[in-house]
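J.: predicted model and sequence follow; I will ask about them next.
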Amino acid sequence: MWDYSDKVKEHFFQPRNAGPLDGANGVGDVGSISCGDALRLMLKVEPETDVILDAHFQTFGCGSAIASSSALTEMIKGKTLDEALKVSNQDIADYLDGLPPEKMHCSVMGREALQAAVANYRGEVWSDDHEEGALVCKCFAIDAVMIEDTIRANNLCSVQDVTNYTKAGGGCSSCHEGIEEILAQVMAERGESFNPGAQPKEEAPKGGMTNLQRIKKIEAVLESVRPQLKRDGGDIELLDVDGKTIYVSMTGACAGCQMEALTLQGIQQKLMEELKEFIKIVPTKAGALSRASCHV
Amino acid sequence: MSGIYFDNNATTRVDPAVVEAMLPYFTEQFGNPSSMHSFGNKVGLAIKKARMQVQELLGAEHDSEIIFTSCGTESDSTALISALKAQPDRKEIITTTVEHPAILTLCTHLEKEGYKVHLLKVDGKGRLDMDEYKKLLTDQVAVVSVMWANNETGTFFPVIEMAELANAAGAMFHTDAVQAVGKVPLNLKDTKIDMLSVSGHKLHAPKGIGVLYLKRGTRFRPLLRGGHQERGRRAGTENTTSIVGLGKAAEMAMEAMHHENTEVARLRDKLEAGILAKVPRSFVTGNPENRLPNTSNIAFEFIEGEAILLLLNKFGIAASSGSACTSGSLEPSHVMRAMGIPYTAAHGTVRFSLSRYSTEAEVDRVIAVVPEIIAQLRKLSPYWDGDGPAAEPEKAFAPTYA
Ligand SMILES: Cc1ncc(COP(=O)(O)O)c(C=O)c1O
């Protein structure tokens, strides 16, 4: 049995805003019937103000798909379309006090239904760019398509590379066999064969930065994401930099929450872009590193 | 725990008499059956008795044909890998599209190691095409593995006849009989079945105990090598308590065989007819004319199985589903897909599996509850409109893939 939060159960057993909506002027139908999850989102939008007066859903899907749909309608009612479009799939999951990793796609589907319904209202055509594969890494909810694309785009050749780029395999490590299989298959496409002993990708040159410059850059990136974290009641602090590994502490609402992993992934991406090298970001409890104790 | 347990194909309750038979072997008779002293000796005798009880249930000719393993999955793996190792010149396997993952996942893996795996297709009722099978039976086939009864639909395969054909072609025949043992009378000595897998927890014995039946004279290579337990065919100190439990459970299954095939079948039929009469757009999957007496698999169109299970659970009713969501995979049950059940129904399949503990009152209660649950979920479904499916449901709702 899935470990659903009470909030998910409540929205499943007493779904809000279920059923057809009379006078809907924006409708989004998304999902995939082969995967067993599909959703119709119906909006009644006030044309003068763009405010969503009412939102209803009909869902073919599992408990968390129904709960995500119900949550979404509650979250967007009363918002303008532009405000509503800011609702991310993570916001939906957070509203429900989290979803199991296998079920995160239900919140993604909610967000896509919203985009589709708004596009329908505005007379635009919405096309979906999201393809979902089988879940490989359960610790960080990374699917096969994401891993394949990343290996292809970056010519990766080791499990360590894949972990560095996608986080997949960075947790319990049970999925390493699966990652090796994907590596073997994608590498075969480019005419190489997978060698389990291969060294992880060469580090990109550090761009001639001094350590101080590097740390300043890192601080600057963290500074740039801080306002957003603060808005959600959290914060991030740099604890230490040890070669490729950057230790940070997450505090407040971010610490330990489902969002932490995703937030860190985003920050890691930004840091890699800025530093032009591969780095690993490791969340640590403040004070856990002796050298960083002065930060507490 | 109260509640209505209609998920006996997933696992069963250990019979209290089985528990009672096991208890002394934890504390009083704790010895190692291989030891010389009397602590071990009694345990050895208990295992011997259990072996004979299982032999009796399977209708095996010799008790030495019974090898105790750790589970049905181990028995399946042992059988297939042994058949390949023992016949290195034969590189092909024949099995079916609807086997349990204990066979299918193994076969996918063996394929990567260079073996050729033939998957026999099934028709809309889950039946095999014997002509297709005969054509594939060449001198390249090391082993045929075909389940006795399907765990999702209960549908039987004609394994006795298929074993004859395999034998004539010089191939070994294995059957995963995990769902059939204890529910179907067996007489293996009169068949050409070389190997057969049993799992204790499907017949009111504990989890984590299994049997591989190995017909005398069948060439064999052990999966686990080590001590001389099980005559060297499965090394590792015996799970004595569970073996004793399985022996007792086998004896009780023999006694209950008639009841399973009359009373349990009657309750299952009543349940099925009751639900179908009250729920529109629902149908039985598999072959109702030829299946296990305890299993009914019903597809409820236009809704999803996990949602059904969650609502059933709220009423204290336990069942299972072939929906993708219940397993965390992207596809609904491979068994439903193999039978060509459309996605709009495959995701909404629910398996009810009864046991000899199931009662008439439980059946009546489930018949009363299910129609409400289905109606409630259909109200949420984009394919449903008022009292029936939307006109041309697949057109009324055709979502963009997301
Ligand atoms: C047909 C079939 N084969 C094999 C198994 C696996 O048995 P075990 O759980 O003992 O490994 C099962 C149990 O679900 C089954 O139904």
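T.: Ah, there it is. Residues are numbered from 1 along each chain as shown, chains lettered A, B, ... in the order given.

J.: which non-adjacent residue is nearest residue B:323?
T.: Spatial nearest neighbour of residue B:323, excluding adjacent residues (C-beta to C-beta, 6 or more residues apart in numbering or on different chains): residue B:305 at 3.3 Å. C-betas here are computed from N, CA, C, even on glycine.

J.: in this structure the one you found contacts residue B:319, no?
T.: No. In this structure, residue B:305 is not within contact of residue B:319 by C-beta atoms under 8 Å, at 9.2 Å.

J.: can you list residues touching both of the two?
T.: Each of residue B:350 lies in contact with both residue B:305 and residue B:319 under the rule C-beta atoms under 8 Å, 6 or more residues apart in numbering or on different chains.

J.: excluding chain neighbours, what is closest to residue 169?
T.: This is for chain A. Closest to residue A:169 by C-beta to C-beta, 6+ apart is residue A:163, at 4.5 Å.

J.: oops, wrong one, chain B.
T.: Residue nearest to residue B:169 in three dimensions, not counting chain neighbours: residue B:137, with 4.2 Å by C-beta to C-beta, 6+ apart.

J.: so who does the one you found touch?
T.: Residues in contact with residue B:137 (C-beta under 8 Å, 6+ apart) are B:94, B:144, B:165-166, B:169, B:171.

J.: show me the contacts for the closest residue to residue B:357 other than its chain neighbours.
T.: Distances taken as C-beta to C-beta, 6+ apart put residue B:13 closest to residue B:357, at 6.6 Å, once the chain neighbours are dropped. By C-beta under 8 Å, 6+ apart, the contact list for residue B:13 reads B:5, B:204, B:355, B:357.

J.: switch those residues over to CSV; also include secondary structure and pLDDT.
T.: Output for those, formatted as CSV (DSSP: H, G, I helix; E, B strand; the rest coil; pLDDT from 0 to 100):
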residue, secondary structure, pLDDT
B:5, strand, 97
B:204, coil, 98
B:355, coil, 98
B:357, coil, 97
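
J.: what subset of those residues is buried?
T.: Among these, those buried by neighbour count (16 or more other C-beta atoms under 10 Å in any protein chain shown) are B:5, B:204, B:355.

J.: what bridges to the first one?
T.: In other words, residue B:5. Note on residue B:5: beta-bridge partners by DSSP bridges are residue B:318.

J.: please name the nearest non-neighbouring residue to residue B:128.
T.: Nearest residue to residue B:128, sequence neighbours excluded (C-beta to C-beta, 6+ apart): residue B:120, at 5.3 Å.

J.: thinking again about what came up before, let's see if you can find the most crowded of the contacts of residue B:137.
T.: Among those, the one with the most neighbours (other C-beta atoms under 10 Å in any protein chain shown) is residue B:144, at 29 neighbours.

J.: under the pLDDT cut-off, which ranges of chain A? List them.
T.: Across chain A, residues meeting the criterion (pLDDT under 70) sit at A:1, A:129-131, A:202-208, A:253-259, A:261-262, A:285-296.

J.: show me how far stretch B:11-22 is from its chain's centre.
T.: 19 Å (C-alpha atoms, centre = their mean, to the nearest Å).

J.: find the closest residue to the ligand in chain B.
T.: Going by C-beta to the nearest ligand atom, the ligand is nearest to residue B:72 of chain B, at 2.7 Å.

J.: tell me the pLDDT of the residue lying closest to that residue once chain neighbours are set aside.
T.: Closest residue to residue B:72 apart from its sequence neighbours, by C-beta to C-beta, 6+ apart: residue B:199 at 3.1 Å. Note on residue B:199: pLDDT of 98.

J.: if we can go back for a sec, quick one: contacts for the residue nearest to residue B:323?
T.: By C-beta under 8 Å, 6+ apart, residue B:305 lies in contact with A:62, B:321-323, B:325-326, B:347-350.

J.: with secondary structure and distance to residue A:267 as added columns, please give these in a markdown table.
T.: Listed next are the contacts of residue B:305 as a markdown table, based on DSSP: H, G, I helix; E, B strand; the rest coil; distance: C-beta to C-beta, whole Å:
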| residue | secondary structure | distance to residue A:267 |
| --- | --- | --- |
| A:62 | coil | 32 |
| B:321 | strand | 39 |
| B:322 | coil | 41 |
| B:323 | coil | 36 |
| B:325 | helix | 32 |
| B:326 | helix | 35 |
| B:347 | coil | 38 |
| B:348 | coil | 42 |
| B:349 | strand | 43 |
| B:350 | strand | 44 |
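
J.: reformat those residues as CSV; add neighbour count.
T.: Converted to CSV, the contacts of residue B:305 look like this (neighbours: other C-beta atoms under 10 Å in any protein chain shown):
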residue, neighbour count
A:62, 29
B:321, 26
B:322, 28
B:323, 29
B:325, 27
B:326, 23
B:347, 37
B:348, 32
B:349, 29
B:350, 25
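
J.: give me the low-pLDDT residue ranges for chain B?
T.: Within chain B, the stretches with pLDDT under 70 are B:1, B:326-330, B:401-402.

J.: write out the residues of it neighbouring chain A.
T.: B:302-307, B:310-311, B:313-314, B:323-326, B:328-332, B:343-344, B:347, B:379-383, B:397-402 (C-beta under 8 Å from any C-beta of the partner chain).

J.: so how do I select the buried members of these in PyMOL?
T.: Typed into PyMOL, the line below selects the buried ones among the residues of chain B next to chain A, using 16+ other C-beta under 10 Å:
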select buried, chain B and resi 302+303+304+305+306+307+310+311+323+324+325+326+329+330+331+332+343+344+347+380+381+382+383+397+399+400+402
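
J.: and the residues of chain B next to chain A, which of them are in helices?
T.: Within the residues of chain B next to chain A, residues falling in helices by DSSP state H are B:305-307, B:310-311, B:313-314, B:324-326, B:343-344, B:379-380.
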